[in-house]
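In: no FASTA, just this:
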């Protein structure tokens, strides 16, 4: 498999509007899109930093994965997304090497990208996402 | 202040050698350097992914910050480092906006970079590092 770059870093936040203010006013970054992803029960906000995006995630449902993450660990980095050339092939490759998959097949994520998650139990504690590389 | 890119993502691991194997054998990344940073009580391993590096951190001391982080939260992403043009000026700027600093002045970090940490209590739960931009 070939990872070209870190597509985004997903950060779980309690309050999207307050967090956007922090990234804009303190760090001088600019939010270029806010998008709801009903499938993942989140509202997201995106910032571009070089090659990579920061994706803030606020839960839209107390039963959603981001609510549960914040309950357990507090606000913070939730997942790391790698841009890969061939997402289906990459999933098959890592599964063949013993990695447990959350998504056996790619599905649609934010920004129209094909995405799939690996299970953090088999990836040294980090939730890893593969994204199709649109470059 | 001006952030040019995400310089690196710091990941706390229990066993550096096993983690290097995971990033190399499963994700196909290549470790290009291993370095001990006595000041931070860590041994680090670096991988380049596009613009950004992944920095794995194993504690060399049970009283070190990485040991304490793993005790509390388990293995996972420990900090996010932004490359900034003017590190001293950026520290002064965010301090003036009410952000609590861990390092009031830059100090030497891994790879000879000047670095400084902001306090996660005032940065939405994420430990943020500024690095001098060598580009």
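Out: Yes, it's here. Bear in mind the structure is a predicted one, so any value in this text is a computation, not a measurement.
In: Could you list the residues in contact with stretch A:61-68?
Out: Applying C-beta atoms under 8 Å, 6 or more residues apart in numbering or on different chains, the contact partners of stretch A:61-68 are A:12, A:40-42, A:57-59, A:78. Any C-beta I mention is one placed from the backbone N, CA and C, and that applies to glycine too.
In: which other helices and strands contact the helix or strand bottoming out on mean pLDDT in chain A?
Out: In chain A, no helix or strand scores lower on mean pLDDT, DSSP states H and E than strand A:107-108, which sits at a mean of 90. Helices and strands touching strand A:107-108, by 3 or more C-beta pairs under 8 Å, 6 or more residues apart in numbering or on different chains; DSSP states H and E, are strand A:114-117.
In: what helices or strands is the strand it packs on leaning on?
Out: If you count contacts as 3+ C-beta pairs under 8 Å, 6+ apart, strand A:114-117 packs onto helix A:87-96, strand A:107-108, strand A:128-132.
In: so of those, which one's packed in deepest?
Out: strand A:128-132 (a mean of 23; mean count of other C-beta atoms under 10 Å in any protein chain shown).
In: List the buried residues for stretch A:49-67?
Out: Residues of stretch A:49-67 classed as buried: A:49-60, A:64-67 (neighbour count, 16 or more other C-beta atoms under 10 Å in any protein chain shown).
In: So residue A:108 is in contact with residue A:39, correct?
Out: Yes: counting by C-beta atoms under 8 Å, residue A:39 is a contact partner of residue A:108 at 7.4 Å.
In: show me the contacts for residue A:83.
Out: A:3-7, A:131-135, B:50.
In: Same question for it, what's its three-state structure.
Out: When classified by DSSP: H, G, I helix; E, B strand; the rest coil, residue A:83 comes out as strand.
In: so it bridges to which residues?
Out: Counting by DSSP bridges, residue A:83 is bridged to residue A:5, residue A:131.
In: Model confidence score at it, please.
Out: What the model reports as pLDDT for residue A:83 is 96.
In: do you know how far it is from residue A:46?
Out: According to C-beta to C-beta, to the nearest Å, residue A:83 stands 15 Å off from residue A:46.
In: Repeat that for residue A:118.
Out: In terms of C-beta to C-beta, residue A:118 sits 22 Å off from residue A:46.
In: Which of these two has more residues huddled nearby?
Out: Between residue A:118 and residue A:46, counted using other C-beta atoms under 10 Å in any protein chain shown, the more crowded position is residue A:118 (25 against 18).
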